[in-house]
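> Fold the following.
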Amino acid sequence: MDRALLKSVHEELQSGGSGALCTVVGSDGSTPRDLGASMWVRVDGSILGTVGGGPLEYAVINKALETLRSGSGPILHRRCSGSMRTEVKLSAAASRSS
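Sure, this is the predicted structure:
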């Protein structure tokens, strides 16, 4: 996981921001990013970082926004050339605001 991304997420949370941290937790075959790649999705849909771009990332962003609204974090499974699983975890600030 990228330290700069974690630092930015920490700073946003400290200033009252919320979002979902999306992390690649499994892969098989050819995937756009390695295990541990992360992306922060803010409640307004803006992002920091990437889990691979394209349709895969679009699906992860939409699932993160859905998770922020519902307050529960799924594991999302998508196929690209290989297979990639992404976990969506709500921040503490997002959990309090649900």
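> helices and strands of the chain: which one has the lowest mean pLDDT?
Evaluated with mean pLDDT, DSSP states H and E, the helix-and-strand set of the chain has its lowest mean pLDDT in helix 92-97, which scores a mean of 46.
> In three-state terms, label residue 7 for me.
Secondary structure state of residue 7, per DSSP: H, G, I helix; E, B strand; the rest coil, is helix.
> What of residue 4?
Of the three states, residue 4 takes helix according to three-state DSSP.
> quick one: pLDDT of it?
The confidence metric pLDDT takes the value 93 at residue 4.
> And it, how far from residue 40?
11 Å (CB to CB, to the nearest Å). From N, CA and C alone the C-beta is placed, and that goes for glycine too.
> which of the two has more neighbours?
Between residue 4 and residue 40, counted using other CB atoms under 10 Å, the more crowded position is residue 40 (21 against 9).
> Remind me which helix or strand the more buried one belongs to.
For residue 40, the host element (DSSP states H and E) is strand 38-42.
> Output that strand as CSV, restricted to C-alpha atoms.
Taking only C-alpha atoms (Å, rounded to 0.1, in the frame of the first residue of the first chain), the coordinates of strand 38-42 have been written out as CSV:
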residue,chain,number,x,y,z
SER,A,38,-5.3,1.0,-3.1
MET,A,39,-7.6,3.8,-4.1
TRP,A,40,-9.4,6.2,-1.8
VAL,A,41,-13.0,7.1,-2.9
ARG,A,42,-14.5,10.2,-1.4
